[in-house]
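> What would the 3D arrangement of this be:
(chains A and B)
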Protein chains: 2
Amino acid sequence: MKKLINVPENVVREELEGIQLAHGDRLRVSLDPFYIVRKDAPVKGKVALVSGGGSGHEPMHGGFVGLGMLDAACPGHVFTSPTPDQMYEASKAANGGAGVLHIVKNYTGDIMNFDLSAEMLRADGIEVASVLTDDDVAVQDSLYTAGRRGVGLTVLMEKLLGAAAEKGASLADLKSLGDSIRATGRSMGMALTACTVPHAGKPSFELGENEMEIGIGIHGEPGRKRMALASADEITEMLMEPILSDLPFKSGEKVILFVNGMGGTPLIELYIVYRKAAEIAAKHGIQIVRNLVGSYITSLEMAGTSITVLRADDKLVSLWDAPVNTPGLRWGI
Amino acid sequence: MKKLINVPENVVREELEGIQLAHGDRLRVSLDPFYIVRKDAPVKGKVALVSGGGSGHEPMHGGFVGLGMLDAACPGHVFTSPTPDQMYEASKAANGGAGVLHIVKNYTGDIMNFDLSAEMLRADGIEVASVLTDDDVAVQDSLYTAGRRGVGLTVLMEKLLGAAAEKGASLADLKSLGDSIRATGRSMGMALTACTVPHAGKPSFELGENEMEIGIGIHGEPGRKRMALASADEITEMLMEPILSDLPFKSGEKVILFVNGMGGTPLIELYIVYRKAAEIAAKHGIQIVRNLVGSYITSLEMAGTSITVLRADDKLVSLWDAPVNTPGLRWGI
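Purely as a prediction, here's the structure:
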């Protein structure tokens, strides 16, 4: 295992200490329990957006805390759900009196723990709602999931709901907008190499020198098929076509296209994937009105890519363009 | 070789096509010869900043073209200098009549070709100056370099000079500011794994399962020493101490600290490195006034990190904070 770490059991704590040191101007890190909140939290009168999940997907979620995106994030240990206690404390720290919205990726542990924390918050008189992401078209059920997995759409969801919350949307409005984003976004990913969870010390799975896995999950969960390495254009087609035909996206529609790196994939390769994805979209008559290219929802050092496509009307585009100031995504401010 | 590419000889062209498709709102890509310019180039009356070098270091340099940073960038083939012709055409396309400043990393091929292009530009009556980066304290001469290699400082140089140029600085002022940044910034890097140039098809060098290389160059050039894998804290110390003692940086000074990923290193590890680097700076009485954490000058999929420290007075901090709108670095706009 070759990693820039000290000891496996301290990886998340030391990462959080680094985040506090680097971004203390914008964020506040709690080490007991682990969570990250906006430095100016709670923002009075604003709905607080709170997300979380296992670590190892950076910059998601902690890197998306800040003005125009999340109010708080709870990092679990690597690839492990955070506890209800973390979610409860993070939500309390972020709550500005207008309610709390939990953004939850569809993994059994995450859902159970966010549900428990919501009960605890309601017992304190705090209004809580939640939106789910389950955008991965690759497989129906999976290792840690009943139904589809929540993946790249979560990044777009956090940006868009964050902008709406900043503009003063109510908890009910945000829940409804989140549900509509959930219904109109689809993703799929693939891996060239595996990744190694620090405390496991060995790769989560094995891929041969000439093999790849199409439809992989962000924790290395099995995908649709393992097959011989193909070209970037062929791979992009194997991701884009199932995404487009699932919703389906139709000719004339406008979308946001997100080409994501899994953590170990250099940007030079992501632009080659973007090129083909844009060509396929054009062939289907689909207009890309905004895009995002980079490693935003990762799987440690896994090499690979995922693609997310989301329907985008003018309202969504204006939320996308709204200012955001987080370590992971920033513009307009 | 596991990469998201089609055929090795098309990697740079297809990457550039992807960049045009993704960022055509801000950039214009030329495919013959290869260069990237701001969409609004030439900006009349503004000094044009032009850089370039081999591809494989993305987002540097092409991802730093835009308002507040570079006016144009010339990508060579992977790890190969661009040609004088590319630099000449890019400079002509960017020239707004106030002269052209070339930002050149200290590699023999880059220097020679930028010099040749400057002669061609002068023959056309265009005023040209150049600033060099040679910030890598690891080794004196290297495979492709007489003197020290230009590495991470280049990213900071492009941001800072870009801001000054946007504010209307003259060619002479920019040259002088660039020389002073060159004189007060230092870097050093290390690798956990090698990288593979697409048309070579095999790793540029070999590192054993328990080995790392301290002082590596951004093309995998030999560093100071190859040794057994150490902890993140030990590695950070092996980079920070030579950097700080080289200038030397002294107690009471203010700096910008840049912790860079080599392309295959996940962000979770970079924050662990940042944590220790900040601790070492504090121990030396050095105050970090701004920072950058992420993969901005990469070596394809190499796993590893580099650290750059630059003295920063109030003027430099205000240039750092100025708006920038590029695919690779964006804020304030």
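
> Quick check, residue A:124 in contact with residue A:91.
No. Assessed by Cβ atoms under 8 Å, residue A:124 is found out of contact with residue A:91, at 9.4 Å. (Each C-beta comes from the backbone N, C-alpha and C, glycine too.)

> Counting neighbours, go ahead and name the busier of those two.
For residue A:124 versus residue A:91, the count of surrounding residues by other Cβ atoms under 10 Å in any protein chain shown is larger for residue A:91: 29 against 11.

> and that one, which of the three is it?
Residue A:91 falls in the helix class when you classify it by DSSP: H, G, I helix; E, B strand; the rest coil.

> ditto for the one 10 residues further on
Put simply, residue A:101 is strand when judged by three-state DSSP.

> so who does it touch?
Applying Cβ atoms under 8 Å, 6 or more residues apart in numbering or on different chains, we find residue A:101 in contact with A:47-50, A:128-131, A:161, A:165, A:171, A:174-175, A:178.

> can you check residue A:172 too?
Shown in contact with residue A:172 (Cβ under 8 Å, 6+ apart): residue A:129.

> Next one: it from chain B, what distance?
To chain B, residue A:172 is 33 Å away according to Cβ to the nearest Cβ, to the nearest Å.

> which SSE is that residue in?
helix A:171-184 (DSSP states H and E).

> Show me what counts as buried in that helix.
A:171, A:174, A:175, A:177, A:178, A:181, A:182, A:184 (16 or more other Cβ atoms under 10 Å in any protein chain shown).

> Could you do stretch A:133-152 as well?
Applying 16+ other Cβ under 10 Å to stretch A:133-152 flags A:133-139, A:142, A:144-145, A:148-152 as buried.

> could I get the buried residues of helix A:171-184 as CSV with pLDDT?
Formatted as CSV, the buried residues of helix A:171-184 follow (pLDDT from 0 to 100):
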residue, pLDDT
A:171, 98
A:174, 98
A:175, 98
A:177, 98
A:178, 98
A:181, 98
A:182, 98
A:184, 98
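
> Adding distance to residue A:321, write those residues out as a markdown table.
Output for those, formatted as a markdown table (distance: Cβ to Cβ, whole Å):
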| residue | distance to residue A:321 |
| --- | --- |
| A:171 | 24 |
| A:174 | 18 |
| A:175 | 23 |
| A:177 | 16 |
| A:178 | 19 |
| A:181 | 16 |
| A:182 | 21 |
| A:184 | 18 |
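
> Among the residues you listed, which one sits closest to residue A:213?
Ranked by distance to residue A:213 (Cβ to Cβ), the buried residues of helix A:171-184 are led by residue A:182 at 25.4 Å.

> which SS class is the residue in the stretch 1-150 of chain A that chain B sits nearest to?
The stretch 1-150 of chain A approaches chain B most closely through residue A:18 (3.3 Å), counting by Cβ to the nearest Cβ. On the three-state scheme (three-state DSSP), residue A:18 is labelled helix.

> Distance of it relative to residue B:194?
Distance of residue A:18 to residue B:194, computed by Cβ to Cβ, to the nearest Å: 26 Å.

> Outline the domain layout of chain A.
Structural domains assigned to chain A are A:11-183, A:185-331, following automatic domain parsing.

> now those in TSV, with distance to residue B:328?
Shown next, in TSV, are these (distance: least, Cβ to Cβ, whole Å):
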stretch	distance to residue B:328
domain A:11-183	15
domain A:185-331	8
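
> For residue B:156, find the nearest of the ones you listed.
Among the domains of chain A, domain A:11-183 sits nearest to residue B:156 (Cβ to Cβ), with 15.6 Å.

> Could you check how far that closest one is from the centre of its chain?
Centroid separation between domain A:11-183 and its chain, computed with Cα atoms, centre = their mean, to the nearest Å, is 10 Å.

> quick one on the thing from earlier: can you tell which of the domains of chain A is closest to residue B:332?
Taking the domains of chain A one by one with Cβ to Cβ, domain A:185-331 is closest: 8.5 Å.

> quick check: mean pLDDT across that closest one?
Domain A:185-331 carries an average pLDDT of 97.

> so does it get close to chain B?
Yes. Domain A:185-331 lies within reach of chain B by Cβ under 8 Å from any Cβ of the partner chain, at A:192-193, A:209, A:212, A:229, A:231-233, A:235, A:263-275, A:278, A:291, A:293, A:295, A:298, A:300-301, A:303-305, A:325, A:327, A:330-331.

> Could you pick out which of those are located in helices?
Using DSSP state H, A:232-233, A:235, A:267-275, A:278 are the members of the residues of domain A:185-331 next to chain B that sit in helices.

> List only buried entries from those.
A:232-233, A:235, A:267-275, A:278.

> Throw the residues you listed into CSV and include distance to residue B:251, thanks.
CSV is the format used below for those (distance: Cβ to Cβ, whole Å):
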residue, distance to residue B:251
A:232, 50
A:233, 55
A:235, 52
A:267, 38
A:268, 41
A:269, 43
A:270, 42
A:271, 44
A:272, 47
A:273, 48
A:274, 47
A:275, 50
A:278, 52
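
> ok so, going back, now could you export just the CA positions of the helix holding residue A:172 as CSV?
What follows is helix A:171-184, C-alpha atoms only, in CSV (Å, rounded to 0.1, in the frame of the first residue of the first chain):
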residue,chain,number,x,y,z
LEU,A,171,-37.4,23.6,3.4
ALA,A,172,-40.4,22.5,1.4
ASP,A,173,-39.2,24.2,-1.7
LEU,A,174,-35.8,22.7,-1.4
LYS,A,175,-37.2,19.2,-0.8
SER,A,176,-39.3,19.6,-3.9
LEU,A,177,-36.4,20.9,-6.0
GLY,A,178,-34.2,18.1,-4.7
ASP,A,179,-36.7,15.5,-5.6
SER,A,180,-37.0,16.9,-9.1
ILE,A,181,-33.2,16.9,-9.6
ARG,A,182,-33.1,13.3,-8.3
ALA,A,183,-35.8,12.4,-10.9
THR,A,184,-33.9,14.0,-13.9
